[in-house]
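[1] This is the structure alone, sequence omitted:
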């Protein structure tokens, strides 16, 4: 039995510049971090040749072609597994419409687990590229490449998307005390509002030619923002997050919604410095920066935004070297990617 554990991510800066239609012309840059919330994929051999899938639904089929779930179906096809296994997917937080890259974390975790099931351990770059191929080339999802790379590599990193299609991956110099400082001032709320990212990104792509200036501004903010993360600068981080989000809101009316705007306004009244919605879907998670002294009032603001708004307690995920140490201590064998693998 194989269990993969793949982190979700918070995209701080540069979201939207990882779409091919933009980076092929101008290059793209995204700064993000994975967090300690995960998608788990469990793969187990069966006694027969059937395929059993357990997610929000349950599928029992005799052929890969009969699978309704697009990512399960196309990943099994690509890997070359035709039957005789059961796969279960679970997640630490609601995985649909969270704005934390859960769909790509699912794909990365599934790719990682299925190749491990076959005894073929892949590296993080290869896993990320395979996941991109499945989601972007095969399924034609109008999405970028940042989420697959963040899930595969893990940690605080920058991802530079070159016009050639290559991706440069660099670690950000965020020390442990700066990570703790950021954890102390950053709060995430799950709003209970969900939309498919593809619907919002389709609208963004449609407006790309007329909104190129906004994406260039988003990229420029990303180019100059690494220092606020590396210093653990809450005020600077909040201001830049807000600037980037305001630019992104101009690209598509679906980036935000009256409900999200209302929650954001109430958070500012409660003492938050600024923030953003890390995804692009007009819902999901809202990331807020608040000074230590106003943390309680900001945390309390979700109680006034409706019964579905929930505070998410998350810490920034460790870099892979630290995760490897923890996996060894827990008796897990980790793949050379952001997703760890347990073998049973």
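    All right, it came through fine. Computed from a predicted model, the values in this text were never measured in an experiment.

[2] Poorly predicted segments of the stretch 51-200 of the chain, please.
    95-97, 194-200 (pLDDT under 70).

[3] in it, which spans are helices?
    70-79, 102-117, 124-132, 146-153, 176-185, 197-206 (DSSP state H, counting those that start in this stretch).

[4] so of the ones you listed, which one's packed in deepest?
    Across those, averaging neighbours per residue (mean count of other CB atoms under 10 Å) puts helix 146-153 on top, at a mean of 30. For every residue, glycine as well, the C-beta is placed using N, CA and C.

[5] about what we covered before: let's have the helices of the stretch 51-200 of the chain in CSV, adding distance to residue 24.
    Output for these, formatted as CSV (distance: least, CB to CB, whole Å):
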stretch, distance to residue 24
helix 70-79, 24
helix 102-117, 20
helix 124-132, 14
helix 146-153, 15
helix 176-185, 33
helix 197-206, 13
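
[6] Residue 234 versus the residue most central in space within the chain, what's the distance?
    Relative to the mean C-alpha position of the chain, the nearest C-alpha, by CA atoms, centre = their mean, is the one of residue 101, at 2.5 Å. To residue 234, residue 101 is 23 Å away according to CB to CB, to the nearest Å.

[7] And the helices of the stretch 51-200 of the chain: which comes nearest residue 275?
    helix 176-185 (10.5 Å; CB to CB).

[8] Distance from the closest one to the middle of the chain?
    20 Å (CA atoms, centre = their mean, to the nearest Å).

[9] so what's the nearest residue to residue 48 once chain neighbours are set aside up against?
    Leaving out its chain neighbours, the residue that sits closest to residue 48 by CB to CB, 6 or more residues apart in numbering is residue 84, at 6.9 Å. Residue 84 makes contact with 45-46, 48-51 under the criterion CB atoms under 8 Å, 6 or more residues apart in numbering.

[10] mind running it again at 7 Å?
    In this structure, residue 84 makes contact with 45-46, 48-49, judged by CB atoms under 7 Å, 6 or more residues apart in numbering.

[11] ok, now residue 39?
    When contacts are taken as CB under 7 Å, 6+ apart, residue 39 is in contact with 6, 8, 89, 91, 95, 102, 105-106, 109.

[12] quick one, the helix or strand in which it is found and helix 102-117 angle?
    Following DSSP states H and E, one finds residue 39 within strand 28-45. Angle of strand 28-45 versus helix 102-117, following axes from the mean of the first three to the mean of the last three CA atoms, to 10 degrees, is 50 degrees.

[13] Just the buried residues of strand 28-45, please?
    If you call a residue buried by 16 or more other CB atoms under 10 Å, then strand 28-45 has these buried ones: 28-35, 37-43.

[14] and residue 48, how many neighbours?
    9 (other CB atoms under 10 Å).

[15] circling back: can you tell me which of the contacts of residue 84 is closest to residue 170?
    Distances from residue 170 to the contacts of residue 84, taken by CB to CB, are shortest for residue 45, at 39.1 Å.

[16] now the closest residue to the closest one other than its chain neighbours, which residues is it bridged with?
    Spatial nearest neighbour of residue 45, excluding adjacent residues (CB to CB, 6+ apart): residue 85 at 5.7 Å. Taking DSSP bridges as the rule, residue 85 bridges to residue 45, residue 51.

[17] what's the straight distance from one end of stretch 22-36 to the other?
    End-to-end span of stretch 22-36 (CA to CA, to the nearest Å): 31 Å.

[18] again with stretch 275-290
    Note: stretch 275-290 ends 9 Å apart using CA to CA.

[19] per-residue confidence at residue 25?
    pLDDT, residue 25: 94.

[20] so it is in which element?
    helix 20-26.

[21] Pull the residues that contact that helix.
    So helix 20-26 is contacted by 16-17, 28, 161, 163, 205, 208, 215-216, 219 (CB under 7 Å, 6+ apart).

[22] Please name the nearest non-neighbouring residue to residue 249.
    That would be residue 255: by CB to CB, 6+ apart, it lies 4.8 Å from residue 249.

[23] helix or strand for that neighbour, which one?
    Assigned by DSSP H and E, residue 255 falls outside every helix and strand.

[24] Let me know how buried it is, in neighbour terms.
    There are 23 residues near residue 255, going by other CB under 10 Å.

[25] and if you look at residue 215?
    Residue 215: 27 neighbours (other CB under 10 Å).

[26] same thing with residue 223?
    Neighbours of residue 223 using other CB under 10 Å come to 14.
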